[in-house]
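> Fold the following and give me the result.
(4 chains)
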4 protein chains.
Amino acid sequence: MAGFKLKVYNRTREKLEPLLKLGAQAVNFPAETAEPGSMVITMLSDDAALRDVTLGSHGLCDSFGSGSLHLSMSTISPDTSRDLAQRHRQAGGDYIAATVSGRPDAAATGKLGIYVSGASEAKKRVADILRTLGRNVADCGEDPGAANVVKLAANFMLFSAVEAFAEALTFAEKQNLDRNAVMKALCDNLFDDVVYRNYGKLLAEQHYDDPQFKLKLAFKDLKLAIQCSESADAPMRLAESLHNRMLSLIATGRGDCDFSVIGRGAAEEAGLIHANN
Amino acid sequence: MAGFKLKVYNRTREKLEPLLKLGAQAVNFPAETAEPGSMVITMLSDDAALRDVTLGSHGLCDSFGSGSLHLSMSTISPDTSRDLAQRHRQAGGDYIAATVSGRPDAAATGKLGIYVSGASEAKKRVADILRTLGRNVADCGEDPGAANVVKLAANFMLFSAVEAFAEALTFAEKQNLDRNAVMKALCDNLFDDVVYRNYGKLLAEQHYDDPQFKLKLAFKDLKLAIQCSESADAPMRLAESLHNRMLSLIATGRGDCDFSVIGRGAAEEAGLIHANN
Amino acid sequence: MAGFKLKVYNRTREKLEPLLKLGAQAVNFPAETAEPGSMVITMLSDDAALRDVTLGSHGLCDSFGSGSLHLSMSTISPDTSRDLAQRHRQAGGDYIAATVSGRPDAAATGKLGIYVSGASEAKKRVADILRTLGRNVADCGEDPGAANVVKLAANFMLFSAVEAFAEALTFAEKQNLDRNAVMKALCDNLFDDVVYRNYGKLLAEQHYDDPQFKLKLAFKDLKLAIQCSESADAPMRLAESLHNRMLSLIATGRGDCDFSVIGRGAAEEAGLIHANN
Amino acid sequence: MAGFKLKVYNRTREKLEPLLKLGAQAVNFPAETAEPGSMVITMLSDDAALRDVTLGSHGLCDSFGSGSLHLSMSTISPDTSRDLAQRHRQAGGDYIAATVSGRPDAAATGKLGIYVSGASEAKKRVADILRTLGRNVADCGEDPGAANVVKLAANFMLFSAVEAFAEALTFAEKQNLDRNAVMKALCDNLFDDVVYRNYGKLLAEQHYDDPQFKLKLAFKDLKLAIQCSESADAPMRLAESLHNRMLSLIATGRGDCDFSVIGRGAAEEAGLIHANN
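Modelled structure (predicted):
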């Protein structure tokens, strides 16, 4: 626990066991995790869950006060961050959004990429914590929603890169080339980064059964990006194309695969694999 | 000239001047550049031009013989490479396709990425030359068309990455974030490669007036990829989306800009820039 | 009032004036329009407004009872209809969804196309009313949400037809043909129905300033169709393409035009019209 | 033969048998069908075939002279029509493009829709013939390529309408509605024309095995439209979306079905039908 006193809350208490064994104290309501001057970290599945935990009955806001800091790590809409930041400020507290890029194994080894935004003084308070989680912390500015915007953009670019790579490998295979050789050539010559290396391997091997990032959750993030693009009047045509790809794969039963199953969608469409094998 | 005897041909003789000053000898027909045992390098604008120079009157095939090697570096369809390779073989010669990724400044400093394919023995003959041109030579196998397939795939992925990055930065700017900060955060945390770094900078600065790779030439390559996808029954939905983007920009007068003007297209569509400014 | 006793409610009382002059009685709450055995007609802007009027404080459900009938004519999601139908049934009442196709002048002359769904007995009760409104009443079955599904499908097909016609006329004009002649030829030979005739005329003349169906409202309906397609796992790729078209036009200031301004979007994209003229 | 003297040519002589039985005279070369003052009708599969028959060895142009008229009924690019018209004019002849909309049974009963373009005097000469073929003859103007432009536009709109209807019926079926009832409601209320009636029936019944217009031929026409849109700088985003749909269906073995098999593509994508059943 690195010397911190830790109070933990989860709707499903069993999920807290690992932390309790390390000395954390379970509490019965979100509000009990907070007190003036303390820091609370939330990581929830969507805007509604975060709003409930924060603004609902026995929520964080009940016990927030001067010097409280809410470090919000969920993938949510920027407008929710902006709204919660304002409410916390009214109580004398702070709100920092910190979002992450990286598959679970990156988290375990402190190699996440982190996007952080919010008031400067408050960002200093969380700097140490974020440094232990991530290999790089990118400061996205004072707007509390900025880290959420960048996270949605990052996921959108990730999905686009995987779709493009999937189509390229399908194209190459239909021309009778070897998927692995093509993948390696493209990474060595042009796309030499962790995204293309990691997903290129999955796509070349058509290996989609280790769902580190499930398609149905990726689709949730894509829909959130599209909603934000609607409210900001920012058309994203690739996002709309990905919407079709992902929804088709979900409709045909692949929602629980890793989202890189996009590669299987591209292959089926080209007649390389039959849809119900 | 690195000790080689060099005969050079171009339809526009003036373009040869720099090489003639270095000691090269200008000839009047493509056929005069070749003789049994020699190696000929071609780099032409499209399939028709390469076919003309190779198979036309006074073309390379007139003087090809045992031990001749045609090193073909154009961005052309794989089927043309396969066809020419077969014809050269019949005359006792060889054909190697070697295509490149990289902007002009990469060529000048020997930092191109190279894709090479064809018969193994012939590839050994060109290995030294390719190594002086490129930082990495990716062997794509024995199929003479393979290097062309991979080049088309590479360009397609390049265009897709730029489109996705352009949409992401537009999305961020419409949410009042700073394009440069977002670009840097995404490269630092996730897309840390030369493509995203170089084009991210152009997109963040909206700087499209240095046409190292003109949009109209990029569109030519995209159309070639789509044609190959048609003949191979390999649907590429992002290619079709890019077709619309590029053709729209050409129709509104941006064909001579760098192809990264895609970023301007995304910004105009979101109302960030007026189309005729 | 055709012999009916009419109680009317609107959040903005002034809007009721024309009806009050005809003898209708204004009430203060939605609940006051209903009583056991009576029929209530609602036409509201979205799901939330209908839910509020029906289920909210002093809402319809407060006074619904045996023999009450709710005739719901809003463009809403089918799931809302299904939910309200169930609640009304529990109180002994009925819920019928009746949605319409047609521009305002069609409504004034009783020429709307109507889609109706719900329990058979209840449909008989509303048959006369619907016949006075529409030239055709299409029975979509017992599922109370069916008329909403068909309305969303109808609008989606309408938008698609206008987009396709707009692209076709742009294509023809860029080939130096006359938009009006082409429009007429296509309607005479193939698309001889009221949709293509009416919108073809607007598109040929590039006349988008009489907003009988505003783009921003059309976009709202499109988004509702996409949401329902998500919940039903039914990918609609043209809907996604239309999403991009409409959002781009809204982002560049055309949200208050008639939705057929899609034709202007297609023309601008082809360089026929400058975006900020 | 309606009193005309008829000379007929086909590369495959057997195909002429029905006409020979009616008294037509088979000839050995295209050139033998023409003479000064006569009229020649061509209907060929593509631009290359028409060019070959017209400009090739023993082609029509060999025997064209003053008063000759070439009535060209193929689905080809407008530029080929414009080119041939000019060549015929130089020889004192005329060229009229007349293209048709309608399935084969419409042709048999004289119910085709016809688009005609070219010089006014020459159009008068073909007026009677066209009236016997079609229920309506739409004059598209003097540009000899105009009838080809409109035909490509008509096919594009036809494919778009079928795609939209297919998606709408899939959407409805996934919401548990009956495809036939929805199809009928949409045609009765809004899309009451022959295209939606005919194809709506095929789509509602998922009946794609009577290939009156094969998918692979429809795809050929779509590609021709896209090529013309490229040369005219006229982006057509729905055409690009249809390109993906059709190529996917061809890649998975449906090229010989009727093109309305698009409806099957939409249903598979939504998980309603398994791809290899």
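
> From here on, just use CA atoms for contacts and neighbour counts.
OK.

> ok now the longest helix anywhere in chain A, how far from the chain's centre?
Longest helix of chain A, by residue count under DSSP state H: helix A:146-174. Computed by Cα atoms, centre = their mean, to the nearest Å, the chain-centroid distance of helix A:146-174 equals 14 Å.

> Next secondary structure element downstream of that helix?
Moving toward the C-terminus from helix A:146-174, the next helix or strand (DSSP states H and E) is helix A:179-189.

> counting contacts, what elements does that next one pack onto?
If contacts are counted by 3 or more Cα pairs under 8 Å, 6 or more residues apart in numbering or on different chains; DSSP states H and E, helix A:179-189 sits against helix A:146-174, helix A:194-204, strand B:112-117, strand B:134-139, helix B:146-174.

> Can you pull the residues of the stretch 151-277 of chain A lying near chain D?
A:248-249, A:251-253, A:269-271, A:274-276 (Cα under 8 Å from any Cα of the partner chain).

> which ones among the residues you listed are found in helices?
Among these, the ones falling in helices (DSSP H) are A:248-249, A:251, A:269.

> Which residue is the nearest non-sequential neighbour of residue A:207?
In space, and not counting its chain neighbours, residue A:207 is closest to residue A:261: 7.9 Å by Cα to Cα, 6 or more residues apart in numbering or on different chains.

> my guess is that neighbour contacts residue A:208, does it?
Yes - taking contacts as Cα atoms under 8 Å, residue A:261 lies within contact range of residue A:208: 5.3 Å.

> Compare those two (neighbour count), which wins?
residue A:261 (27 against 20; other Cα atoms under 10 Å in any protein chain shown).

> Which two of the ones in helices among the residues of the stretch 151-277 of chain A next to chain D have the greatest separation?
A:251 and A:269 (14.6 Å; Cα to Cα).

> the more surrounded of the two?
Taking neighbours as other Cα under 10 Å, residue A:251 and residue A:269 compare with residue A:269 leading, 29 against 20.

> Touching, that one and residue D:252? I think so.
Yes - contact criterion Cα under 8 Å: residue A:269 and residue D:252 qualify, at 7.0 Å.

> coming back round to it: of the residues of the stretch 151-277 of chain A next to chain D, select the buried ones using a PyMOL command.
Remark: buried members of those, expressed as a PyMOL selection using 16 or more other Cα atoms under 10 Å in any protein chain shown:
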select buried, chain A and resi 248+249+251+252+269+270+271+274+275
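
> Turn the residues of the stretch 151-277 of chain A next to chain D into a markdown table, columns for distance to chain B and pLDDT.
Shown next, in a markdown table, are those (distance: Cα to the nearest Cα, whole Å; pLDDT from 0 to 100):
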| residue | distance to chain B | pLDDT |
| --- | --- | --- |
| A:248 | 14 | 98 |
| A:249 | 15 | 98 |
| A:251 | 19 | 98 |
| A:252 | 19 | 97 |
| A:253 | 21 | 97 |
| A:269 | 7 | 96 |
| A:270 | 5 | 97 |
| A:271 | 8 | 96 |
| A:274 | 14 | 70 |
| A:275 | 15 | 59 |
| A:276 | 19 | 52 |
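
> Quick check: which of the residues of the stretch 151-277 of chain A next to chain D are also close to chain C?
Applying Cα under 8 Å from any Cα to those, one finds that A:248, A:251 fall near chain C.

> before we move on, back to that, need the helices and strands packed on helix A:179-189 in a markdown table with mean neighbour count, can you?
As requested, these are exported to a markdown table (neighbours: other Cα atoms under 10 Å in any protein chain shown):
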| stretch | mean neighbour count |
| --- | --- |
| helix A:146-174 | 27 |
| helix A:194-204 | 20 |
| strand B:112-117 | 27 |
| strand B:134-139 | 21 |
| helix B:146-174 | 27 |
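
> Could I get the ones you listed in TSV, plus columns for mean pLDDT and distance to residue B:199?
Below are the helices and strands packed on helix A:179-189 laid out as TSV (pLDDT from 0 to 100; distance: least, Cα to Cα, whole Å):
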stretch	mean pLDDT	distance to residue B:199
helix A:146-174	98	14
helix A:194-204	96	17
strand B:112-117	94	16
strand B:134-139	92	20
helix B:146-174	98	7
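
> Rebuild these as a markdown table, extending it with distance to chain C.
Listed next are the helices and strands packed on helix A:179-189 as a markdown table, based on distance: least, Cα to the nearest Cα, whole Å:
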| stretch | distance to chain C |
| --- | --- |
| helix A:146-174 | 16 |
| helix A:194-204 | 23 |
| strand B:112-117 | 35 |
| strand B:134-139 | 37 |
| helix B:146-174 | 10 |
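
> So which of these is nearest residue D:45?
Closest among the helices and strands packed on helix A:179-189, using Cα to Cα: helix A:146-174, at 27.3 Å.

> List the buried residues in the helix or strand of chain A with the lowest mean pLDDT.
The least trusted helix or strand in chain A, going by mean pLDDT, DSSP states H and E, turns out to be helix A:104-108, with a mean of 73. By 16+ other Cα under 10 Å, the buried positions in helix A:104-108 come out as residue A:107.

> got it, and stretch A:6-22?
Applying 16+ other Cα under 10 Å to stretch A:6-22 flags A:6-9, A:16 as buried.

> and these as JSON lines, adding distance to chain B?
Output for these, formatted as JSON lines (distance: Cα to the nearest Cα, whole Å):
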{"residue": "A:6", "distance to chain B": "29"}
{"residue": "A:7", "distance to chain B": "30"}
{"residue": "A:8", "distance to chain B": "29"}
{"residue": "A:9", "distance to chain B": "30"}
{"residue": "A:16", "distance to chain B": "30"}
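
> Most widely separated two among the residues you listed?
Every pair of the buried residues of stretch A:6-22 checked by Cα to Cα; the farthest is A:6 and A:16, at 11.7 Å.

> So which bits of the stretch 1-150 of chain A are right by chain B?
Counting by Cα under 8 Å from any Cα, the stretch 1-150 of chain A comes close to chain B at A:101, A:112-115, A:136-140, A:146, A:149-150.

> excluding its backbone neighbours, what's nearest the closest residue to chain C within the stretch 101-250 of chain A?
Ranked by Cα to the nearest Cα, the top residue of the stretch 101-250 of chain A for proximity to chain C is residue A:233, at 4.9 Å. What sits nearest to residue A:233 in space, not counting adjacent residues and going by Cα to Cα, 6+ apart, is residue C:251, at 4.9 Å.

> which residues touch that neighbour?
A:233-234, B:269-271 (Cα atoms under 8 Å, 6 or more residues apart in numbering or on different chains).

> Report the two of these separated the most.
Maximum pairwise distance among the contacts of residue C:251 (Cα to Cα): 9.3 Å, between A:233 and B:269.

> list the residues that contact both of those two?
Taking Cα under 8 Å, 6+ apart as the criterion, residue A:233 and residue B:269 both touch C:248, C:251.

> Please tell me how far residue A:39 sits from chain C.
Using Cα to the nearest Cα, to the nearest Å, residue A:39 is found at 37 Å from chain C.

> Output stretch A:208-228 as CSV, nothing but the C-alphas.
Extracted in CSV, the C-alpha atoms of stretch A:208-228 (Å, rounded to 0.1, in the frame of the first residue of the first chain):
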residue,chain,number,x,y,z
TYR,A,208,-8.7,-13.4,-31.1
ASP,A,209,-9.6,-15.6,-28.2
ASP,A,210,-7.6,-13.9,-25.4
PRO,A,211,-10.0,-11.0,-24.8
GLN,A,212,-7.8,-8.4,-23.1
PHE,A,213,-10.1,-5.8,-24.5
LYS,A,214,-13.4,-7.3,-25.4
LEU,A,215,-15.1,-6.2,-28.6
LYS,A,216,-18.3,-5.2,-26.8
LEU,A,217,-16.4,-2.9,-24.5
ALA,A,218,-14.5,-1.5,-27.4
PHE,A,219,-17.9,-0.8,-29.1
LYS,A,220,-19.0,1.0,-25.9
ASP,A,221,-16.0,3.3,-26.1
LEU,A,222,-16.6,3.8,-29.9
LYS,A,223,-20.2,4.8,-29.2
LEU,A,224,-19.0,7.3,-26.6
ALA,A,225,-16.6,8.8,-29.0
ILE,A,226,-19.4,9.1,-31.6
GLN,A,227,-21.7,10.7,-29.1
CYS,A,228,-19.0,13.3,-28.2
